[in-house]
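K.L.:
Coordinates for the following, if possible.
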Amino acid sequence: MRSARSAVWSTPRRVSTRLRKFFAGRAVGKKDISRIFNAEAGLLGIASGLLGVGIGQLVATNLNLSGFSAILNAVEALRSIQERI
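P.N.:
Residues are numbered from 1 along each chain as shown. The predicted model follows:
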């Protein structure tokens, strides 16, 4: 419960910090700010995609090693038998 409370209270703090940085950065110029946000968004998207692919690969490998593919093959065999009936 304590961690949930701290997450709730830390989020507005992070948002206000980002807003302060944004407004301070506007003094530099709009074009530079948009480049920074686009670069951050691009890097975050690439990192998230790579992380998702890595986690997906780990899950697929563990399922294959655990014999899950044998279960799927058995289910497919049962479906083909059911279709014949």
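
K.L.:
CA only for contacts and neighbour counts going forward, please
P.N.:
Fine.

K.L.:
do you know how far the most centrally placed residue in the chain is from residue 61?
P.N.:
What sits nearest the mean C-alpha location of the chain, by C-alpha atoms, centre = their mean, is residue 48, with 4.9 Å. For residue 48, the distance to residue 61 equals 20 Å [C-alpha to C-alpha, to the nearest Å].

K.L.:
Ok, residue 73 next?
P.N.:
In terms of C-alpha to C-alpha, residue 73 sits 17 Å off from residue 61.

K.L.:
Now the residue nearest to the centre of the chain: which helix or strand?
P.N.:
helix 30-65 (DSSP states H and E).

K.L.:
tell me which strands and helices that helix is in contact with?
P.N.:
If you count contacts as 3 or more C-alpha pairs under 8 Å, 6 or more residues apart in numbering; DSSP states H and E, helix 30-65 packs onto no helix or strand.

K.L.:
if you set the cut-off to 10 Å instead, what comes out?
P.N.:
helix 2-25, helix 68-84 (3 or more C-alpha pairs under 10 Å, 6 or more residues apart in numbering; DSSP states H and E).

K.L.:
would a markdown table of those helices with distance to residue 53 and mean neighbour count be doable?
P.N.:
Shown next, in a markdown table, are those (distance: least, C-alpha to C-alpha, whole Å; neighbours: other C-alpha atoms under 10 Å):
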| stretch | distance to residue 53 | mean neighbour count |
| --- | --- | --- |
| helix 2-25 | 27 | 11 |
| helix 68-84 | 20 | 11 |
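
K.L.:
ok, residue 39 - contacts?
P.N.:
33, 45 (C-alpha atoms under 10 Å, 6 or more residues apart in numbering).

K.L.:
cool, and the one 10 residues further on?
P.N.:
When contacts are counted by C-alpha under 10 Å, 6+ apart, residue 49 touches 43, 55.
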